[in-house]
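> generate coordinates for the sequence data below:
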Amino acid sequence: MRSVELFAGGGGLALGLSRAGFRHEAVVELEKNACKTLRANKERGVAHVADWPIHAEDVAAFSFSGIASDVDLLAGGVPCQPFSAAGKAHGQADKRNMFPAMTRAVRELSPKAVLIENVKGLMRPGFEPYLNYVKDELRFPEIERRAGEGWADHHRRLHNHAQSARRAGLEYEVHCHLVNAADYGVPQWRERVLLVAFRRDLEIEWELPAATHSVEALLWSQCRTADYWERHGLSRRTPAASTSRFESRRAALGQLKLLPDKRLPWRTTRDAFVGLLALDEGDVAEGDPNHFLNPGARTYPRHTGSPLDEPAKTVKAGSHGVPGGENTVALDNGQTRYFSVRECARLQTFPDDWIFEGVWSRAMRQVGNAVPVDLAQIVAGSMRRALMRAGKQQRVA
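As a prediction, this is how the structure comes out:
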């Protein structure tokens with residue numbers, strides 16, 4: 001199936017889509033180091049990347065005229081800074097708000113399906129009116145915003161169009177979900193908003209894939225069976241460091257007599273690091289330019305290292321380089337150090353042969369902004385199956 005990838009960044013969403021069976025007609029990204037990363041992995045022959053047509057261009061100005069019609073999927077991790085705390089959360093007034101560019105792409109390509117990823121902050125109460133506007137823009141992309149028209153006035157016109165019994169033109173069925181990547185096997189607590197849309201004329205039925213992993217199963221393997229500790233060659237223990245939200249669930253588990261479900265255990269930071277070369281601060285792993293340990297990590301109140309025996313805290317890009325106190329790990333000996341870029345890539349489920357270009361801070365920003373590859377593959381795979389079912393039904397009819 002044919003796809004177009006916008007705001008590709010370091011390649012997480014694009015790689016997940018390729019693994020799910022989509023063939024990119026265009027991969028568009030403006031940031032210089034991210035483009036170097038995409039091209040470097042293409043040149044090195046990383047699986048699924050060889051045929052990517054990479055365009056180092058601004059999505060807002062990119063021409064879709066060279067892309068043949070009937071695109072199956074348009075996808076993009078629309079820049080999250082306008083709606084994230086790290087990006088100052090200026091919302092729709094932020095010049096980095098690229099939802100209008102995404103809507104233009106939908107309008108010009110009329111794809112069968114759309115997938116957009118953004119930060120949890122987009123669901124803040126203060127942004128709820130704008131999120132509803134974005135959903136309605138996706139629903140009716142041909143009802144364009146007029147010159148000088150504010151988004152609230154445009155939203156009223158969209159609402160009036162929705163109420164019309166004689167409405168016609170391009171229309172999408174829009175789904176909005178808040179997901180935690182840890183529930184899908186990503187070794188990281190990463191909550192993100194997914195906007196999924198299908199063209200209404202296709203009459204596609206789709207549901208978000210069910211979670212495959214659970215915190216209860218992890219706690220069961222740590223506290224009841226000790227399978228977790230045995231797998232890592234460790235004696236049964238109480239984790240040296242833990243987050244408050246994890247501790248509350250640990251307490252609740254003590255009242256359970258049976259494992260609540262048969263899902264797999266959440267994957268932890270320790271799970272993610274299996275097989276990686278252990279380094280001291282200042283060391284660089286031979287043959288892997290992304291696996292080195294920068295010194296100088298410090299913790300701050302509410303900004304402490306990720307516990308080894310839980311999913312890592314959200315890997316972040318930061319608005320001014322690597323965020324202080326975060327993107328760090330709390331070790332068994334009580335010390336805290338920065339993650340290496342390779343470790344963060346593991347937490348984002350990138351393959352080990354995927355290399356990030358740029359200095360440490362630039363590489364970390366690419367990883368922190370990425371969509372976890374495994375999550376992208378799972379969601380895109382479910383969308384591909386829905387599109388295939390619809391195609392079969394249309395052929396039968």
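
> please enumerate the strands of the protein.
Secondary structure of the chain (DSSP state E): strands located at 2-6, 23-28, 54-55, 73-76, 113-119, 172-180, 191-199, 213-214, 264-265, 306-307, 328-330, 336-338.

> pairing partners for the last one, with directions?
Taking DSSP bridges as the criterion, strand 336-338 sits next to strand 328-330 (antiparallel) in its sheet.

> can you count the residues close to Gly233?
Counted with other CB atoms under 10 Å, residues neighbouring Gly233 total 6. Just so you know, the C-beta spots here come from the backbone N, C-alpha and C atoms, and that holds for glycine as well.

> could you do Lys42 as well?
Considering only other CB under 10 Å, Lys42 is surrounded by 17 other residues.

> skip the chain neighbours and tell me the closest residue to it.
Leaving aside its chain neighbours, Lys42 sits nearest to Val49 (4.8 Å; criterion: CB to CB, 6 or more residues apart in numbering).

> number of nearby residues for the one you found?
By other CB under 10 Å, neighbour count at Val49 equals 22.

> before we move on, the earlier item: winner for burial among the strands of the chain?
The highest average neighbour count among the strands of the chain, using mean count of other CB atoms under 10 Å, belongs to strand 73-76 at a mean of 26.

> give the other helices and strands that it contacts.
Helices and strands touching strand 73-76, by 3 or more CB pairs under 8 Å, 6 or more residues apart in numbering; DSSP states H and E, are strand 2-6, helix 12-19, helix 99-109, strand 113-119, helix 373-396.

> next one: that strand to chain centre, how far?
Taking CA atoms, centre = their mean, to the nearest Å, one finds strand 73-76 lying 13 Å from the centre of the chain it belongs to.

> contacts for the helix or strand of the chain with the lowest mean pLDDT next, please.
Least confident helix or strand, the chain: helix 244-253 with a mean of 73, by mean pLDDT, DSSP states H and E. Contacts with helix 244-253, where a contact means CB atoms under 8 Å, 6 or more residues apart in numbering, come from 215-216, 219-220, 223-224, 242, 307, 310.

> in CSV: the helices and strands packed on strand 73-76, plus mean pLDDT and distance to Asp288.
Formatted as CSV, the helices and strands packed on strand 73-76 follow (pLDDT from 0 to 100; distance: least, CB to CB, whole Å):
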stretch, mean pLDDT, distance to Asp288
strand 2-6, 98, 26
helix 12-19, 98, 18
helix 99-109, 95, 35
strand 113-119, 96, 27
helix 373-396, 90, 18
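
> got CSV for those, with distance to Leu202 too?
Compiled in CSV, the helices and strands packed on strand 73-76 are given as follows (distance: least, CB to CB, whole Å):
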stretch, distance to Leu202
strand 2-6, 15
helix 12-19, 19
helix 99-109, 14
strand 113-119, 8
helix 373-396, 5
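
> for those, which one ends up most surrounded?
Note that of the helices and strands packed on strand 73-76, helix 12-19 is the most buried (mean count of other CB under 10 Å), with a mean of 27.

> C-alpha coordinates for it, PDB please?
Presented in PDB, the C-alpha positions along helix 12-19 are these (Å, rounded to 0.1, in the frame of the first residue of the first chain):
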ATOM      1  CA  GLY A  12      10.300   6.200  13.900                       C
ATOM      2  CA  LEU A  13       6.900   6.500  12.400                       C
ATOM      3  CA  ALA A  14       8.100   6.100   8.900                       C
ATOM      4  CA  LEU A  15      10.000   2.900   9.800                       C
ATOM      5  CA  GLY A  16       7.000   1.400  11.600                       C
ATOM      6  CA  LEU A  17       4.800   2.100   8.600                       C
ATOM      7  CA  SER A  18       7.300   0.400   6.300                       C
ATOM      8  CA  ARG A  19       7.400  -2.600   8.500                       C
END
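
> out of the helices and strands packed on strand 73-76, nearest to Gly126?
Among the helices and strands packed on strand 73-76, the nearest to Gly126 by CB to CB is strand 113-119 (13.6 Å).

> could I get the strands of the chain as TSV with distance to Leu276?
As requested, the strands of the chain are arranged in TSV below (distance: least, CB to CB, whole Å):
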stretch	distance to Leu276
strand 2-6	29
strand 23-28	28
strand 54-55	29
strand 73-76	30
strand 113-119	27
strand 172-180	24
strand 191-199	25
strand 213-214	21
strand 264-265	20
strand 306-307	15
strand 328-330	12
strand 336-338	14
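
> quick one: which of those strands is nearest Ser382?
strand 191-199 (9.0 Å).

> by contact count, what packs against the closest one?
Packed next to strand 191-199, using 3+ CB pairs under 8 Å, 6+ apart, are strand 113-119, helix 128-139, strand 172-180, helix 373-396.

> buried residues in the second one?
Same thing as helix 128-139. 130-131, 133-139 (16 or more other CB atoms under 10 Å).

> residue ranges with poor pLDDT in this structure?
80-96, 240-241, 254-255, 318-325, 393-397 (pLDDT under 70).

> centroid-wise, who is the farthest residue in it?
Arg166 (37.8 Å; CA atoms, centre = their mean).

> dump the residue contacts of Glu191.
Residues in contact with Glu191 (CB under 8 Å, 6+ apart) are 120, 178-181, 314.

> 7 Å instead?
Counting by CB atoms under 7 Å, 6 or more residues apart in numbering, Glu191 touches 120, 178, 180.

> in CSV: those residues, plus distance to Phe273.
Shown next, in CSV, are the contacts of Glu191 (distance: CB to CB, whole Å):
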residue, distance to Phe273
Lys120, 26
Leu178, 28
Asn180, 21
